[in-house]
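In: Give me coordinates for this.
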Amino acid sequence: MALTLAKAPPPSPRLCSARAPLAQQFSRELFENGVFAMAIGFPTVPRGKARIRVMISAAHEKSDLDQGLEIFNKVGKKLGVIS
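Out: Numbers count the residues shown, from 1 in each chain. Below you'll find the predicted structure:
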């Protein structure tokens, strides 16, 4: 799998991707499906690396998180980073 959960305390878990263009596309596709997750690239992360940052708040319910995970899964499969 091309994405891994980075070590970060909530509320800003980050998914790591080795390629910035992939992270940007992933972010766009998530947004089109109702999830706001920002692609982060250089200089915030090392050149050639990228992250997708999500913000979770106390206002989110479990159903919101479940829906977000379903959308991450759908987009990840579409882009070939989740099998």
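In: State the distance from the residue nearest to the spatial centre of the chain to Lys62.
Out: Residue closest to the mean C-alpha point of the chain, counted by C-alpha atoms, centre = their mean, is Ile52 at 3.8 Å. The gap separating Ile52 from Lys62 is 21 Å, by C-beta to C-beta, to the nearest Å. C-betas here are computed from N, CA, C, even on glycine.
In: swap in Gly80?
Out: Counting by C-beta to C-beta - Gly80 and Lys62 are separated by 29 Å.
In: again with Ile40
Out: Noted for Ile40: a distance of 26 Å to Lys62, by C-beta to C-beta.
In: For the two, indicate the residue with more neighbours.
Out: Counted by other C-beta atoms under 10 Å, Ile40 and Lys62 do not tie: Ile40 has more neighbours, with 19 against 7.
In: residues contacting the more buried one?
Out: Arg14, Ala23, Ala50, Arg51, Ile52, Arg53 (C-beta atoms under 8 Å, 6 or more residues apart in numbering).
In: Low-confidence ranges, this protein, go.
Out: Counting by pLDDT under 70, the chain contains low-confidence ranges at 1-18.
In: hmm, 50 instead?
Out: Judged by pLDDT under 50, the chain has its weakly predicted residues at 1.
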